[in-house]
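Q: Predicted coordinates and the sequence they were generated for:
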Amino acid sequence: MKFGLMLSTQYPRRTRVADYVEGLVEQVRLAQDLGFSSIWTLQHYAANLDTLQPLQVLARMIPESGNMSLGTNIFVLPLHHPVVAAEQFATLDQLSNGRAIAGVGMGYRRTEAQALGVELSERVGRLSESISIMRKLWRDEPVQHVGRYYTLDDVSIGLLPVQDGGPPIWIGAEADAAVARAARLGDEVIMLQVLKASRIERLLELYRSAREAAG
C-alpha cells in the first residue's frame, strides 16, 4: 500500500497566502522523509476561499519532493481547452522528470463553470473529448479532430511529456456511471475519501469489471 499527501492550498478570503508557502514546503519535505509516495493539490476557480492553482504549486514543490509523484486531485478538465491542459501537464512532467499525474474530473461548482462560460450539462462530453485529444497530443500525433466542443486541424503541441504517452490520467468519480467512465477512459480512478468502505468496495468491483469489458 502506498500513501500520498493532499496539500491544503485554500485559505481564508484575502489572506496573504505567500506567508503560508514555506509551511507547504516543510510539509512536502517531511512527507518525502517519511516515505510518502505522492503529493496532491486541488483546483477551483472563483472560489469563496483564496485558492492556489495546482500545477504551479506542484512545480514549486519539485525540488523538495524527491521521487514522489506530483498529482492533481482534481484538475477540472472541462474548464480548460485540451491543448492548454496537455501542454500544462507536459510542462510539469518535464520539470519533474516524469513524475506528473493528471488527476482530472468534471467539477461540480456552477459558479466557476459560469465564470468560464461552460455549461454544467456539457461536463461529461468535454471531459471525454479532452482526454482523447490529450492522449493523442502526448503521443506526438498531429491531431485532426472535429468534435462537439473542440476542433483541431493538424495540431501538435510544443512540448512533449517525459513519460511515454504522457502522464497517467486518473479520473475522479463517485457515481456508478462515473466510475465506469473512469475505467474506460483513464488509468486509475480517484474516489472521495468520505465514501463508506462498503461503497468503495462495490465501486471498485464495478471499476474492475468495466475495465475488463473495455479491454
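A: Nice, thanks for sending it over.
Q: helices and strands around the lengthiest helix in the chain, which ones?
A: The residue-count maximum for a helix in the chain (DSSP state H) belongs to helix 197-214. If contacts are counted by 3 or more CB pairs under 8 Å, 6 or more residues apart in numbering; DSSP states H and E, helix 197-214 sits against helix 176-185. All C-beta atoms are positioned from the backbone trio N, CA, C, and that covers glycine.
Q: So what touches the helix it packs on?
A: Helix 176-185 has contacts (CB atoms under 8 Å, 6 or more residues apart in numbering) with 106, 124, 127-128, 131-132, 169, 171-173, 188-191, 203, 206-208, 210-211, 214.
Q: Report the backbone C-alpha coordinates of that helix in CSV.
A: Output of helix 176-185 as CSV, limited to C-alpha atoms (Å, rounded to 0.1, in the frame of the first residue of the first chain):
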residue,chain,number,x,y,z
ASP,A,176,-21.7,4.3,-10.8
ALA,A,177,-21.7,5.8,-14.3
ALA,A,178,-18.7,8.0,-13.5
VAL,A,179,-16.7,5.0,-12.2
ALA,A,180,-17.5,3.0,-15.3
ARG,A,181,-16.5,6.0,-17.4
ALA,A,182,-13.2,6.3,-15.5
ALA,A,183,-12.5,2.6,-16.2
ARG,A,184,-12.9,3.2,-19.9
LEU,A,185,-11.1,6.5,-20.3
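Q: which stretches of this protein form strands?
A: In the chain, the strands defined using DSSP state E lie at 4-6, 10-11, 38-41, 50-51, 69-72, 75-76, 100-105, 143-146, 151-155, 169-172, 188-190.
Q: Need those strands in JSON lines (columns: mean neighbour count and mean pLDDT).
A: As requested, the strands of the chain are exported to JSON lines (neighbours: other CB atoms under 10 Å; pLDDT from 0 to 100):
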{"stretch": "strand 4-6", "mean neighbour count": "16", "mean pLDDT": "96"}
{"stretch": "strand 10-11", "mean neighbour count": "15", "mean pLDDT": "95"}
{"stretch": "strand 38-41", "mean neighbour count": "23", "mean pLDDT": "98"}
{"stretch": "strand 50-51", "mean neighbour count": "16", "mean pLDDT": "96"}
{"stretch": "strand 69-72", "mean neighbour count": "25", "mean pLDDT": "98"}
{"stretch": "strand 75-76", "mean neighbour count": "26", "mean pLDDT": "98"}
{"stretch": "strand 100-105", "mean neighbour count": "27", "mean pLDDT": "98"}
{"stretch": "strand 143-146", "mean neighbour count": "14", "mean pLDDT": "96"}
{"stretch": "strand 151-155", "mean neighbour count": "13", "mean pLDDT": "96"}
{"stretch": "strand 169-172", "mean neighbour count": "24", "mean pLDDT": "97"}
{"stretch": "strand 188-190", "mean neighbour count": "19", "mean pLDDT": "95"}
